[in-house]
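**Q** For reference, the sequence and a predicted model appear below.
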Amino acid sequence: MGKDERRAPGGQALTYLKAVKALEALYAELPQMECTGQCESYCGPLVMTRTEFDLIKQETGVRPTVNQAEKCIFLRNGRCSIYNIRPLICRMWGQAENIMCPWGCKSERPLTQKEGQDFINRASEICHEWIATVTAQRGKQLIQEEHDKSKT
C-alpha cells in the first residue's frame, strides 16, 4: 500500500466525516473536568489540526483566529461559544500536568506530559490520514482529467 493510500481502521479511506468522528472518539478518552470559567486570559492564539480548523469554520461560518487583543474570537462573556467543538488543545487545558489550571479546576485524573503528547500525536495522525486521503483523491481526479483531455 502506497503512502497516499493510507486507510482508516476497517480498511476505508479516511473521509472528513470519519476524521471528525475519530477526533470525537479521541476527545471522549480525555478525563472529565469541571471548569469554573476563569481561564479566558489564556484563550489566545491556538494550535489546532486542519481537521479541527475546518470543523470550526464549517460549523460557525467563521475562520478560527484571534482578535486585536490576541484573544480567541469565540470567547463570549468570558466563556467559549464553541465549547462542544473546541480543539484538542482547549480540551487539554487543565488536564495535563504541564498545563494545570491555576484557578484550581481539577481533572478527574491529570494526564502526564507523555499522555498529553500522545493525545496531540494521535490528533495529528487523524488529520494527516484525512489530508493523505484528500490528496490521493485529488491526484486521481487530475490524472482522470488529463486522460480525458488526451482523448479529445
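**A** Sure thing, it's come through.
**Q** per-residue confidence at the residue lying closest to residue 79 once chain neighbours are set aside?
**A** Leaving aside its chain neighbours, residue 79 sits nearest to residue 37 (5.4 Å; criterion: CB to CB, 6 or more residues apart in numbering). Using the backbone N, CA and C atoms, a C-beta is placed for each residue, glycine as well. As predicted, residue 37 sits at a pLDDT of 81.
**Q** And residue 37, how far from residue 77?
**A** According to CB to CB, to the nearest Å, residue 37 stands 9 Å off from residue 77.
**Q** Looking at these two, which is more packed in?
**A** Neighbour count, other CB atoms under 10 Å: between residue 37 and residue 77, residue 37 has more, with 11 against 7.
**Q** remind me, longest helix of this protein?
**A** Counting by DSSP state H, the longest helix found in the chain is helix 113-151.
**Q** In terms of secondary structure, what does that one contact?
**A** For helix 113-151, the contact count by 3 or more CB pairs under 8 Å, 6 or more residues apart in numbering; DSSP states H and E identifies helix 16-28, helix 50-60, helix 88-92 as packing neighbours.
**Q** Need the winner for burial among these.
**A** helix 88-92 (a mean of 19; mean count of other CB atoms under 10 Å).
**Q** Need the residues that contact that helix.
**A** Helix 88-92 is contacted from outside by 23, 26-27, 30, 43, 46-49, 52, 80, 99, 111, 116, 119-120, 123, using CB atoms under 8 Å, 6 or more residues apart in numbering.
**Q** what do you get for stretch 35-46?
**A** Contact with stretch 35-46 is made by 64, 66, 70-72, 75, 78-80, 87, 89-90, 93-94, 101, 103-105, as judged by CB under 8 Å, 6+ apart.
**Q** Counting neighbours, which of the residues you listed end up buried?
**A** Neighbour-count burial (16 or more other CB atoms under 10 Å) applied to the contacts of stretch 35-46 gives 64, 72, 75, 80, 87, 89-90, 93-94, 101, 105.
**Q** centroid residue for the chain?
**A** Most central in the chain under CA atoms, centre = their mean is residue 52, positioned 3.3 Å from the mean C-alpha point.
**Q** measure residue 84 to residue 34 for me?
**A** In terms of CB to CB, residue 84 sits 16 Å off from residue 34.
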